[in-house]
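Trainee: Here is a sequence with its predicted model. Questions after.
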Amino acid sequence: MSELDRQRITAVKVLDALGYTFAEGEWHPPSGMTASATRESDRMHALLVERADALDGCAEGSPEAREREAIACVLEAYEAKRWPAGKECGGKG
């Protein structure tokens, strides 16, 4: 199994733990997700981005590099669901 496969499996586990479900080819948020929960999810996203940035430039193959790769996989999955149209005009990032 490749490292990318392991990252994908980890990302799926994280999304499942957050209450997301996968149906008809798409991830769906928990049924009771409120604006408050969305803000909390966005804050978690920001913290993960900060951690990934802190790990930028670490030695290839190191535990830190593997952590950064796993975080990147989770961020990509979250961003694809949270912002399916990509970056928003006038938005952050």
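Mentor: Alright, I've got the coordinates. Numbers count the residues shown, from 1 in each chain.
Trainee: where do the strands sit along the chain?
Mentor: Per DSSP state E, the chain has strands spanning 21-23, 26-28. These are given in chain order.
Trainee: So which of those strands is the most surrounded?
Mentor: Ranked by mean neighbour count, the strands of the chain are led by strand 26-28 with a mean of 14 (mean count of other C-beta atoms under 10 Å). Every residue, glycine included, has its C-beta placed from N, CA and C.
Trainee: Kindly provide the whole-number mean pLDDT of stretch 22-42.
Mentor: For stretch 22-42, the mean pLDDT works out to 80.
Trainee: got the strands of the chain as a markdown table, with distance to residue 68 columns?
Mentor: Below are the strands of the chain laid out as a markdown table (distance: least, C-beta to C-beta, whole Å):
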| stretch | distance to residue 68 |
| --- | --- |
| strand 21-23 | 25 |
| strand 26-28 | 22 |
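Trainee: Nearest to residue 70 among the ones you listed would be which one?
Mentor: Nearest of the strands of the chain to residue 70, taken as C-beta to C-beta: strand 26-28 at 17.7 Å.
Trainee: For this structure, give me the ranges with low pLDDT.
Mentor: Confidence mapping of the chain against pLDDT under 70 gives the ranges 33-35, 87-93.
Trainee: I'd assumed residue 42 was in contact with residue 78.
Mentor: No: look at residue 78 against residue 42 with C-beta atoms under 8 Å: they stay out of range, at 9.3 Å.
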